[in-house]
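[1] structure for this input, please:
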Amino acid sequence: MIRFLKKLRDIYLARILWGKYKIGKNFHAGRGVFLWARNSIQIGDNFYIGKYSIIECDAEIGNHVILANHVSLIGRYDHNYQQLGVPIRLASQISDRDYNWKGVAQKIVIEDDVWIGLGAIILSGVTIGSGSIIAAGSVVTKDVEPYSIYAGNPAKRIRSRFDSDAQLKEHIRLYKSLYSHR
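    Next up, the predicted model:
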């Protein structure tokens, strides 16, 4: 019964509350999740977003992606902090219809098979390559190479996800045969 209620909640969130965004099959959102984008959020199949995580910018997210608890996908330029004579608190912001400062066209792209650890922060304008892992507490300010593990503030590449090229090739082969859409 609890499993059914959780599934029903996820359907409500994906189709009703966040119905203006494109959300794929097998979506799950933990408690306290918040989604907002100026233009669009596109989420693939088998997506999990942990409790108290937020997506607060335009985003394109692939299939089989995990966002742990307290993860934030946020805009890099959400407030016009260079607006002359205006305190930042009162300056124009990305949610304003007439906002035309930096960041309007920036989005976050997270490709397939990515895991983003607890408390990580991803800034708009970043692409996270397929198969990558972002360590807990990291702040991602630049693009992430596919099948790599990044950690730190700012996040830096610490190693490959797999120990050898042979493992990487076999993972890609199996992933394509088992999980890629045909």
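
[2] mind saving the C-alpha coords of the lengthiest helix in the chain as PDB?
    The single longest helix within the chain, with elements called by DSSP state H, is helix 165-179. The C-alpha trace of helix 165-179 is given here as PDB (Å, rounded to 0.1, in the frame of the first residue of the first chain):
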ATOM      1  CA  ASP A 165      39.500   1.300 -20.600                       C
ATOM      2  CA  ALA A 166      38.300  -2.400 -20.900                       C
ATOM      3  CA  GLN A 167      35.800  -1.900 -18.000                       C
ATOM      4  CA  LEU A 168      34.600   1.400 -19.500                       C
ATOM      5  CA  LYS A 169      34.100  -0.200 -22.900                       C
ATOM      6  CA  GLU A 170      32.200  -3.100 -21.400                       C
ATOM      7  CA  HIS A 171      30.000  -0.800 -19.300                       C
ATOM      8  CA  ILE A 172      29.100   1.200 -22.400                       C
ATOM      9  CA  ARG A 173      28.400  -1.900 -24.400                       C
ATOM     10  CA  LEU A 174      26.200  -3.400 -21.700                       C
ATOM     11  CA  TYR A 175      24.400  -0.100 -21.000                       C
ATOM     12  CA  LYS A 176      23.600   0.400 -24.600                       C
ATOM     13  CA  SER A 177      22.300  -3.100 -25.000                       C
ATOM     14  CA  LEU A 178      20.200  -3.100 -21.800                       C
ATOM     15  CA  TYR A 179      19.100   0.500 -21.200                       C
END
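
[3] any chance you could list what contacts that helix?
    Defining contact as C-beta atoms under 8 Å, 6 or more residues apart in numbering, one finds that helix 165-179 is touched by 63-64, 112-113, 131, 147, 160-162. Where C-beta positions appear, they are placed from N, C-alpha and C, glycine not excepted.

[4] swap in stretch 99-112?
    In this structure, residues lying in contact with stretch 99-112 by C-beta under 8 Å, 6+ apart are 38-40, 44, 57-65, 73, 75-78, 80, 82-83, 92-94, 116, 122-132, 146, 175.
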